[in-house]
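A.B. asks: got a structure for you, letters missing:
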C-alpha cells in the first residue's frame, strides 16, 4: 500500500488491521487536510515566537500522526513540541524544517494513495 517510509507499515498493519482499507484511506484524507492547517499554524506560531501555541499545535500533530502510523512525523512534532515548551528558540528553525520535511513526505503519500484509490 505505501510507497515510501512516511508511514510505518508494521504499525498500520497492527493497529488498523481490523479496519476496512477504505475507512483508513478516508481517515488519511481527513488527516491530510487537517495536517496542512497544522503545519501552517506551526510555521506562523514559530515565526511570531508564540511558543505556547506552537507547543499545542505540535502536540496535536504528534498525536494525530501517531494515530495514522506516520511515526517519523510524530517524532518530529514531539521534538518541536518539547523545544517550544522548553523555550529553546534557537532550535526552532532546524526542528521546523525537519517537521515540515516529514509532513511533506506524509502528504505526498496521502495524495498518491488517494489518486490510486480514485483510479488515477
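C.D. replies: Perfect, I can see it now. Everything numeric here is computed off the predicted structure, so don't read it as measured data.
A.B. asks: what about the helices in this structure?
C.D. replies: Residue ranges of the helices in the chain, as given by DSSP state H, are 9-15, 21-47, 51-68, 71-85, 92-117.
A.B. asks: packing partners of the third one?
C.D. replies: Yep, that's helix 51-68 we're talking about. Contact analysis of helix 51-68 by 3 or more C-beta pairs under 8 Å, 6 or more residues apart in numbering; DSSP states H and E lists helix 21-47, helix 71-85, helix 92-117 as its packing neighbours. Bear in mind the C-beta positions are built from the backbone N, C-alpha and C, glycine included.
A.B. asks: mind doing that once more with 6 Å?
C.D. replies: Secondary-structure packing of helix 51-68 (3 or more C-beta pairs under 6 Å, 6 or more residues apart in numbering; DSSP states H and E): helix 21-47, helix 71-85.
A.B. asks: in TSV, list these along with mean pLDDT.
C.D. replies: Converted to TSV, the helices and strands packed on helix 51-68 look like this (pLDDT from 0 to 100):
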stretch	mean pLDDT
helix 21-47	95
helix 71-85	98
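A.B. asks: so which of those comes closest to residue 108?
C.D. replies: Evaluated with C-beta to C-beta, those place helix 21-47 nearest to residue 108, the distance being 10.0 Å.
A.B. asks: what's the most buried one of the helices and strands packed on helix 51-68?
C.D. replies: With neighbours taken as mean count of other C-beta atoms under 10 Å, the helices and strands packed on helix 51-68 reach their highest mean count in helix 71-85, at a mean of 21.
A.B. asks: what's the angle from that one to helix 92-117?
C.D. replies: Angle of helix 71-85 versus helix 92-117, following axes from the mean of the first three to the mean of the last three C-alpha atoms, to 10 degrees, is 150 degrees.
A.B. asks: helices and strands around helix 71-85, which ones?
C.D. replies: Identification of packing neighbours for helix 71-85 by 3+ C-beta pairs under 6 Å, 6+ apart yields helix 51-68, helix 92-117.
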